[in-house]
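Participant: Could you work out the structure for the sequence below:
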Amino acid sequence: MARKKKVYHKMSKKQRKYLKAIRGLDRTRHFSEGGTLVQWMGGPHTVTKNKKKYRRPAPGQSIT
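Facilitator: Got it, this is the predicted structure:
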């Protein structure tokens, strides 16, 4: 069986490290200016059921 090749991302590690640092600075500036976590994350998110796992019970059957 052949070995799988490693999948490399399009960006180099150096570029990702640089972008990570910029995001960290943006985050600290946001919170130092009085921003909230909800604003930083883009507003509240709703939770939905996993529709693959959920099944409608037959009449007279309880949900487990």
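Participant: Can you tell me the SS state at P44?
Facilitator: coil (DSSP: H, G, I helix; E, B strand; the rest coil).
Participant: Could you report the pLDDT at it?
Facilitator: Looking at P44, its pLDDT is 75.
Participant: Quick check: the spatially closest residue to it that is not a sequence neighbour vs R29, distance?
Facilitator: Nearest residue to P44, sequence neighbours excluded (CB to CB, 6 or more residues apart in numbering): V38, at 6.3 Å. Every residue, glycine included, has its C-beta placed from N, CA and C. Going from V38 to R29 by CB to CB, to the nearest Å gives 17 Å.
Participant: what do you get for V47?
Facilitator: For V47 relative to R29 (CB to CB), the value is 30 Å.
Participant: Compare the two and say which is more crowded by neighbours.
Facilitator: R29 (10 against 4; other CB atoms under 10 Å).
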